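Engineer: kindly generate the corresponding structure for this input.
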Amino acid sequence: MEDTQIDMMFTVPTEQSTPAPINELAAALAKAQATMTHPIKKNTAGSGSFSYTYADLPAVIDVVKEAFSKHGLSFTQFPSVKVATKEVEVLTLVMHSSGQYLGSRLAMGITDIKPQTIGSAITYARRYALSAMAGIAAETDDDGNTAQGSAPKTYNRRK
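Structural biologist: Alright, predicted model coming up:
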């Protein structure tokens, strides 16, 4: 596995990684998640004949920062662009005051390398990556239908 040097203080492997030990970080993250709410979904987007609501990146950051800061946690995100493969990538680190950390990379394809396209994809990747690492939902769950180009399914619940 190839490593990427982020800082002289630590190296983060290029794949999803969990350094050992993470006991203090895990305890703090559990406490933060117990107090965290899902961000308010004030934005609407559409795909075909249906739409969904989502929280924008500032709303996600506000929710995460508030809970993280009370428990010795912080995060940082490092975006990069791979022009040759038309991808953006975001490395997200969740760090604890003890020095323990978790790292995850999210790569997303882009259609072109225009600044607006790159910026939009980075914002999208940051929102998804931070939401996943914090354990919050920033979008309406449509059961993968937007990605598949199909209409949302409805289910009858048993009483």
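Engineer: pLDDT averaged over stretch 53-70 - what is it?
Structural biologist: The average pLDDT within stretch 53-70 is 91.
Engineer: likewise stretch 30-42?
Structural biologist: Averaging pLDDT along stretch 30-42 yields 88.
Engineer: mind listing what's buried in that stretch?
Structural biologist: For stretch 30-42, a neighbour-count test (16 or more other Cβ atoms under 10 Å) marks 32, 36, 38-39, 41 as buried. (C-beta placed from N, C-alpha, C; glycine too.)
Engineer: give me the contact list for stretch 68-80.
Structural biologist: Contact partners of stretch 68-80, identified using Cβ atoms under 8 Å, 6 or more residues apart in numbering, comprise 6, 25, 28-29, 31-32, 35, 64, 67, 88-98, 122, 125-126, 129-130, 133-134.
Engineer: returning to what we had before: and which of the buried residues of stretch 30-42 is nearest residue 118?
Structural biologist: If you rank the buried residues of stretch 30-42 by distance to residue 118 using Cβ to Cβ, residue 39 comes first, at 24.0 Å.
Engineer: residue 129 versus residue 101, what's the distance?
Structural biologist: Residue 101 is 14 Å from residue 129, where distance means Cβ to Cβ, to the nearest Å.
Engineer: per-residue pLDDT of residue 96, please?
Structural biologist: pLDDT for residue 96: 97.
Engineer: that one: what's it in contact with?
Structural biologist: For residue 96, the contact set (Cβ under 8 Å, 6+ apart) comprises 24-25, 28-29, 72-73.
Engineer: now a ChimeraX select for only the buried ones of the contacts of stretch 68-80.
Structural biologist: In ChimeraX syntax, the buried subset of the contacts of stretch 68-80 is picked out as below (16+ other Cβ under 10 Å):
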select :25,28,29,32,64,67,88,89,90,91,92,93,94,95,96,122,125,126,129,130,133,134
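Engineer: from the contacts of stretch 68-80, which ones fall inside helices?
Structural biologist: 25, 28-29, 31-32, 35, 64, 67, 122, 125-126, 129-130, 133-134 (DSSP state H).
Engineer: for the chain, what spans make up the strands?
Structural biologist: Under the criterion DSSP state E, the chain contains strands at 3-7, 10-13, 43-47, 50-54, 73-82, 87-96, 101-109.
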